[in-house]
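Undergrad: quick one, fold the following:
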Amino acid sequence: MKRKYFGTDGIRGKVGEYPITPEFVLKLGWAVGHVLCKQGKGKVVIGKDTRISGYMFESVLEAGLSAAGVDTLLLGPIPTPAIAYITRTLHADAGIVISASHNPFYDNGIKFFSANGTKLPDAVELEIEAMLDEPMTTVASDQLGKAERITDARGRYIEFCKSTIPSTVNLKGMKIVVDCANGATYQVAPNVFDEIGAEVITLGVEPDGLNINKGVGSTKPEGMREAVLSHGADVGIGLDGDGDRLIMVDSQGEIVDGDEILYIIAKDRIARKSLKGGVVGTLMSNLGMEIALREEGVEFYRSDVGDRYVMEKLKSTNSMIGGEGSGHIICLDCISTGDGTISALQVLAAMKVSGKSLHELKSGMTKFPQSLVNVTMSRRIDLTNDDKIQQEIRAVEKELGEDGRVLLRLSGTEPLVRVMVEGRDETQVDMLARRLALVVEEVTSAG
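TA: Numbering: from 1, shown residues only. Presented below is the predicted three-dimensional model:
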């Protein structure tokens, strides 16, 4: 069945535009309470990032859950992965995240964790959508849910983060720039690194409800890069608004993306003989990482783009480490979901144990040039069954040889074909991508 409201990561949109309205979210809380808390009264954890609309949606979710007879545990502003962790440790029936991740403040969204701290299965999301079509009712007054604010949630999570690296690792002598994107990690991430001994320089730790992700964080790493260079820092750590993504900067001011971070974490696990299964990336992951891991004797798997699909592939291959170039890294041997702070800790621990800089650690992987061209479609076609396009793909692949890759993807939200070509020679890659894009444009605009 096609989902009506849920996307790949919950329900998201512009505040005030359906379905991101108080009325809808009130009923969503009620529906979730009925679907996820069937046995007994139940309790649900609610956390949020720092955008101003979080107060409004926190209130209506609490009201909807109360009407369904469900208790709520309110965490306040806290990273998304912390909500997954606390949902599990408090034995709650579900966790609710109020966040639009790396989007601007005027967007917001609602996403969910199961009692195990994992994303909800499709079947459960469909059940919630079906309940949304039912008339909203309220339980008897003596059965209404209560709300309680959990005051030590941040402290619990900080201690958990620190526990994910060996207790022998101390960051003393290391200078770190931490950019919290004026988001959910602003009261957490700096404390984590400080308590393990690092000298911490902070950016993006003054949220006002409107400045989340504004010119800061993992999607805007330029300020972090400048701070690393001006302070002579060892490393920069850039998190996004809800704290589940990580982009880093090395001491030379070079950006270290999610593919490189994933490689460094995997290489560290290999050195410690603790890597289980293979490593999971996506269709867009850099070929250089695949080749570098292959040389280490490690199987590399590709999933569709999106952390939901990375997680599915991790489970199906019995692997522990996966992620995307955007910086969404999943370390299942540490936590049940993507976590920027914990991923950064894994990299810092690798630096300390190996005695190498971040620049040296990432140099084991040579990134291949990628060229991405978006082609607007006049009409939607089946790319896999068009002879002319397939013939051109084969011709491009032949020119690239074994050290090259071609990928055509239809956008899920726009009438676009994304043409990606990857190989060792940047000039050749750009030329072949443009050539293939012209053929795609010609075919999709014909007739």
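Undergrad: show me where the stretch 1-150 of the chain has its strands.
TA: 11-14, 43-48, 71-77, 94-98, 107-113, 147-149 (DSSP state E, counting those that start in this stretch).
Undergrad: just the CA trace of the helix or strand that comes right after the last one, in CSV.
TA: Where DSSP states H and E defines the elements, the next helix or strand beyond strand 147-149 is helix 153-162. In CSV, the C-alpha atoms belonging to helix 153-162 read as follows (Å, rounded to 0.1, in the frame of the first residue of the first chain):
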residue,chain,number,x,y,z
ALA,A,153,17.8,13.0,30.0
ARG,A,154,20.8,14.9,28.8
GLY,A,155,23.1,13.6,31.5
ARG,A,156,22.0,10.0,30.8
TYR,A,157,22.8,10.4,27.1
ILE,A,158,26.2,12.1,27.7
GLU,A,159,27.3,9.2,29.9
PHE,A,160,26.1,6.8,27.2
CYS,A,161,28.0,8.6,24.5
LYS,A,162,31.3,8.4,26.5
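Undergrad: so helix 153-162 versus strand 71-77, what angle?
TA: Here helix 153-162 runs at an angle of 70 degrees relative to strand 71-77 (axes from the mean of the first three to the mean of the last three Cα atoms, to 10 degrees).
Undergrad: now the next helix or strand after helix 153-162: average pLDDT?
TA: Helices and strands here follow DSSP H and E; after helix 153-162, the next one along the chain is strand 175-179. Strand 175-179 shows a mean pLDDT of 98.
Undergrad: note down every partner strand of strand 175-179 and its orientation.
TA: According to DSSP bridges, strand 175-179 forms sheet pairs with strand 199-203 (parallel), strand 235-239 (parallel).
Undergrad: give me the residue at the spatial middle of the protein.
TA: By Cα atoms, centre = their mean, the chain has its centre lying nearest to residue 328, at 3.8 Å.
Undergrad: surely that residue touches residue 243?
TA: No - with contact defined as Cβ atoms under 8 Å, residue 328 does not reach residue 243; the gap is 11.0 Å. In short, each C-beta sits where N, CA and C put it, glycine included.
Undergrad: could I get the contacting residues of residue 200?
TA: Each residue near residue 200 by Cβ atoms under 8 Å, 6 or more residues apart in numbering is listed here: 176, 178, 190, 193, 194.
Undergrad: for it, which residues make a bridge with it?
TA: Beta-bridge partners, per DSSP bridges, of residue 200: residue 176.
Undergrad: how close does it get to residue 231?
TA: 11 Å (Cβ to Cβ, to the nearest Å).
Undergrad: cool, residue 47 as well?
TA: Taking Cβ to Cβ, one finds residue 47 at 32 Å from residue 231.
Undergrad: looking at those two, which one has more neighbours?
TA: residue 47 (30 against 14; other Cβ atoms under 10 Å).
Undergrad: just the pLDDT at the more buried one, thanks.
TA: Predicted confidence (pLDDT) at residue 47: the value is 98.
Undergrad: tell me the contacts of it?
TA: By Cβ under 8 Å, 6+ apart, the residues touching residue 47 are 74-78, 80, 82-83, 86, 95-98, 153, 184.
Undergrad: separation between it and residue 364?
TA: Residue 47 sits 37 Å away from residue 364, taking Cβ to Cβ as the criterion.
Undergrad: ok, residue 417 touching residue 382?
TA: No - in this structure residue 417 lies outside contact range of residue 382 using Cβ under 8 Å: 11.5 Å.
Undergrad: which of those two has more neighbours?
TA: Comparing residue 417 with residue 382 by other Cβ under 10 Å, the one with more neighbours is residue 417, at 24 against 8.
Undergrad: nearest residue to the more buried one other than its sequence neighbours?
TA: residue 375 (4.5 Å; Cβ to Cβ, 6 or more residues apart in numbering).
Undergrad: that neighbour: what's it in contact with?
TA: Each residue near residue 375 by Cβ under 8 Å, 6+ apart is listed here: 416, 417, 418, 419, 437, 440, 441, 444.
Undergrad: ditto for residue 235
TA: Per Cβ under 8 Å, 6+ apart, neighbours of residue 235: 174, 176, 177, 228, 248, 249, 250, 251, 347, 348, 351, 358.
Undergrad: now residue 287
TA: Residues in contact with residue 287 (Cβ under 8 Å, 6+ apart) are 368, 403, 404, 405, 422, 423.
Undergrad: pLDDT wise, what is residue 9 at?
TA: pLDDT for residue 9: 84.
Undergrad: my bad, should have said residue 20
TA: Listed pLDDT for residue 20 reads 98.
Undergrad: how does the protein divide up, domain by domain?
TA: Structural domains assigned to the chain are 11-151, 157-362, 370-445, following automatic domain parsing.
Undergrad: re the thing from before, now render the contacts of residue 287 as JSON lines, adding neighbour count and distance to residue 159.
TA: Shown next, in JSON lines, are the contacts of residue 287 (neighbours: other Cβ atoms under 10 Å; distance: Cβ to Cβ, whole Å):
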{"residue": "368", "neighbour count": "20", "distance to residue 159": "40"}
{"residue": "403", "neighbour count": "13", "distance to residue 159": "45"}
{"residue": "404", "neighbour count": "20", "distance to residue 159": "47"}
{"residue": "405", "neighbour count": "19", "distance to residue 159": "43"}
{"residue": "422", "neighbour count": "24", "distance to residue 159": "42"}
{"residue": "423", "neighbour count": "25", "distance to residue 159": "46"}
